[in-house]
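Asker: Sequence first, then the predicted structure:
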Amino acid sequence: MEDEEPLARELIRLFGHFGYVLHRYTLLNEAAQAIRYRKPDVLILDVAFHANGLNTIEHMVLTPEFKDLERPIIFLSDRDTFEVRVQAARIGAEGFFTKPVDVPKLIDRVEQAIRRKQDIPHRLLIVDDDEELAKHYALVLRAAGMEARTMSDPRRILDVMDEFQPELILMDVAMPGYTGMDLARVIRMHEEWLSIPIIYLSAETNKDRQLSALSSGGDDFLTKPISDRHLTVAVSIRAARMRQITELMVKDSLTGLLKHSRIKEQIALEFARAQRDGTCLCVAMLDIDHFKKVNDSYGHVVGDQVIKALAHLLKQRLRKTDGIGRYGGEEFAAVLPRCEPEAARELLNDIRERFKKIRFTAEDEFFTVTLSAGAVMADAFPDASAMLVAADEALYDAKRSGRDRVRLGHSMFKDG
């Protein structure tokens, strides 16, 4: 909902490159009517419509269609005052962007908002010697959309964690032979589990003992008996926060993709899984053609926009089960489980064609950029490292062959 024509056109053009469909309205009552029949994924609203001086935040509070929509809301504004931001926060806005709008960052925020609605379930591990109670907790959390696993043998905890990769642990304090604090200390000895939240569940009400338990590797303390609703809310809030923190730790700040080390870890993990399950696996390397010329001609700020544009496109076109990382500079890596060679060819060429159609702007000048890609299938290699080397060689074979193309191992895909 934007009444400034140039900004609206720019938003529609840029969002369109990444597969979004924007419906623009200049009258809020028309937008409210449209919402009755077609629910949007996200609302982007200008705070003030200049034609009538309308404050859209105040209007939304009074309009049932907006109040009951339960969709992410992002505001644009040419006024940046604390009062306006508080108004936006009070109605649950997920973003506030001042003009001139940094459109790539706006697209980032829209993508994050949609992804939160579509996120894979949080993975929770429940450690309790009372198997019936643990099963009850698991049923309650599964009903709330989470993935919960129970275990009653503390001696297996590290093996289960390596297999299940939980995002949060619910731990009983008193168990035969071992205490929750014992297990928490064992878990914290392993670097990969230093930051995982551990929530103790216990009938212990003595505050000093609770604090003593927390000092032994725990993060929070919930007292039994606990209502199903309290358990669900407490766990979901902490798990969501942990996922946000983890993303900040493992993802590249510019693109939101996995960092170099993390995408290599994921490739190794998927390689081992493909070997174990006998399934196919494709790994692709992509690189922006002549990127140095972009930086030299238009500056690093524009260069960053080009990198972010490709990152957005990869996130849009790949599946949730795929892994995407910024391998370094303008080079990206993608790991595609259960992806046959022909499907990989079509996917990578689709990304290549879409990317070359994006028009970038620098000082009133438009320009386009191409990419090259190389891909290999896991079954031809003894380990993940050899597969990565071969994918990189296929990428540079594509570049040596003229760029703006895709190669699979030693056989070039037909472009288009």
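Answerer: Received the coordinates, thanks. No experiment lies behind these values; they were computed from the predicted model shown.

Asker: what packs against the longest helix along the chain?
Answerer: Secondary structure of the chain per DSSP state H: the longest helix is helix 228-250. For helix 228-250, the packing partners by 3 or more C-beta pairs under 8 Å, 6 or more residues apart in numbering; DSSP states H and E come out as helix 131-143, strand 168-172, strand 198-202, strand 220-223. All C-beta spots, glycine's among them, are computed from the backbone N, C-alpha and C.

Asker: Quick one: those as CSV, columns for distance to residue 233, mean neighbour count and mean pLDDT too.
Answerer: What follows is the helices and strands packed on helix 228-250, written out as CSV (distance: least, C-beta to C-beta, whole Å; neighbours: other C-beta atoms under 10 Å; pLDDT from 0 to 100):
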stretch, distance to residue 233, mean neighbour count, mean pLDDT
helix 131-143, 11, 16, 93
strand 168-172, 13, 25, 92
strand 198-202, 13, 22, 88
strand 220-223, 11, 15, 87
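
Asker: For residue 300, which of the ones you listed is the nearest?
Answerer: Closest approach to residue 300 among the helices and strands packed on helix 228-250 is made by strand 168-172 (39.2 Å; C-beta to C-beta).

Asker: got the helices and strands packed on helix 228-250 as CSV, with distance to residue 389 columns?
Answerer: As requested, the helices and strands packed on helix 228-250 are exported to CSV (distance: least, C-beta to C-beta, whole Å):
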stretch, distance to residue 389
helix 131-143, 42
strand 168-172, 37
strand 198-202, 39
strand 220-223, 45
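
Asker: mind checking which of the ones you listed is nearest residue 342?
Answerer: Shortest distance between residue 342 and these, using C-beta to C-beta, is found for helix 131-143: 37.1 Å.

Asker: Check which element follows the closest one along the chain.
Answerer: Remark: after helix 131-143, the chain's next helix or strand is strand 147-151, criterion DSSP states H and E.

Asker: Restrict that next one to CA atoms and write it as CSV.
Answerer: Taking C-alpha atoms only, strand 147-151 is exported to CSV below (Å, rounded to 0.1, in the frame of the first residue of the first chain):
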residue,chain,number,x,y,z
GLU,A,147,9.4,-32.3,16.6
ALA,A,148,10.0,-34.0,20.0
ARG,A,149,12.0,-37.1,20.9
THR,A,150,12.2,-38.7,24.3
MET,A,151,14.9,-40.8,26.0
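
Asker: Taking their axis directions, it and helix 131-143 sit at what angle?
Answerer: 170 degrees (axes from the mean of the first three to the mean of the last three C-alpha atoms, to 10 degrees).

Asker: Where does the prediction get shaky in the stretch 251-400 of the chain?
Answerer: In the predicted model, the stretch 251-400 of the chain carries no residue with pLDDT under 70.

Asker: quick one on the thing from earlier: can you check which of the helices and strands packed on helix 228-250 gets nearest to residue 297?
Answerer: Minimum separation from residue 297 across the helices and strands packed on helix 228-250 (C-beta to C-beta) falls at strand 168-172, 48.0 Å.

Asker: can you list contacts of the closest one?
Answerer: Contacts with strand 168-172, where a contact means C-beta atoms under 8 Å, 6 or more residues apart in numbering, come from 122-130, 137, 180, 183-184, 187, 196-202, 218, 235, 238-239, 242.

Asker: Adjacent strands (with direction) for it?
Answerer: Take DSSP bridges as the rule and strand 168-172 pairs in its sheet with strand 123-127 (parallel), strand 198-202 (parallel).

Asker: Can you point out the buried residues in the host helix or strand of residue 113?
Answerer: Using DSSP H and E, residue 113 sits in helix 103-118. Within helix 103-118, the residues scored as buried using 16 or more other C-beta atoms under 10 Å are 103-104, 106-111, 113.

Asker: And it, what does it pack against?
Answerer: Against helix 103-118 (3+ C-beta pairs under 8 Å, 6+ apart) you get helix 5-17, strand 73-77, strand 95-98, helix 300-317.

Asker: what is the mean pLDDT for it?
Answerer: What helix 103-118 shows for mean pLDDT is 79.

Asker: Check the offset of it from the chain's centre.
Answerer: Computed by C-alpha atoms, centre = their mean, to the nearest Å, the chain-centroid distance of helix 103-118 equals 9 Å.

Asker: same check, this time on stretch 399-407
Answerer: Relative to its chain's centre, stretch 399-407 lies at 30 Å (C-alpha atoms, centre = their mean).

Asker: thinking again about what came up before, which one of the strands paired with strand 168-172 lies closest to residue 252?
Answerer: With C-beta to C-beta as the measure, strand 123-127 is the member of the strands paired with strand 168-172 nearest residue 252 (23.3 Å).

Asker: Now do that closest one against helix 228-250, angle only.
Answerer: Using the same axes, to 10 degrees: strand 123-127 against helix 228-250 is 120 degrees.

Asker: what residues does strand 123-127 touch?
Answerer: Applying C-beta under 8 Å, 6+ apart, the external contacts of strand 123-127 come out as 134, 137-138, 141, 146-152, 154, 157, 160-161, 164-172, 175, 180, 183, 235, 239.

Asker: Good, wrapping up.
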